[in-house]
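**Student:** Below are the sequence and a predicted model; questions follow.
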Amino acid sequence: MQFQMFFTPTLFIIVFLCCVLLNLMAALIPAWRSLRNPIVESLNQKR
């Protein structure tokens, strides 16, 4: 069992970019949705 068998740079870059994309979507989509409403309406909303 060698280290090269488990670590492929191309696969690492693809997986890393997918994780970054998912993390950005998880952070930016809720922020974008909250910015579309005025802050007073967001504060008065009962959820």
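**Tutor:** Great, that's in hand.

**Student:** Please determine how far Cys18 is located from Leu35.
**Tutor:** Using Cβ to Cβ, to the nearest Å, one gets 26 Å for the distance from Cys18 to Leu35. In short, each C-beta sits where N, CA and C put it, glycine included.

**Student:** do the same with Asn44
**Tutor:** Computed as Cβ to Cβ, the Asn44 to Leu35 distance reads 16 Å.

**Student:** And for Thr8?
**Tutor:** Distance from Thr8 to Leu35, by Cβ to Cβ: 39 Å.

**Student:** Ala27 sits in which helix or strand?
**Tutor:** When secondary structure is defined using DSSP states H and E, the element that contains Ala27 is helix 9-35.

**Student:** Count the neighbours of Ser42 for me.
**Tutor:** Ser42 has 13 neighbouring residues, counting by other Cβ atoms under 10 Å.

**Student:** Could you report the pLDDT at it?
**Tutor:** pLDDT, Ser42: 73.

**Student:** ok, now which ones touch it?
**Tutor:** Residues near Ser42 by Cβ atoms under 8 Å, 6 or more residues apart in numbering: Ser34.

**Student:** That one: which element?
**Tutor:** Short version, using DSSP H and E: Ser42 is in helix 39-44.

**Student:** quick one: buried residues of that helix?
**Tutor:** For helix 39-44, a neighbour-count test (16 or more other Cβ atoms under 10 Å) marks nothing as buried.

**Student:** Restrict that helix to CA atoms and write it as PDB.
**Tutor:** Provided in PDB are the C-alpha atoms of helix 39-44 (Å, rounded to 0.1, in the frame of the first residue of the first chain):
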ATOM      1  CA  ILE A  39     -34.600  44.700   7.000                       C
ATOM      2  CA  VAL A  40     -37.800  45.900   8.800                       C
ATOM      3  CA  GLU A  41     -39.900  43.200   7.100                       C
ATOM      4  CA  SER A  42     -37.300  40.600   7.900                       C
ATOM      5  CA  LEU A  43     -37.300  41.600  11.600                       C
ATOM      6  CA  ASN A  44     -41.100  41.600  11.800                       C
END
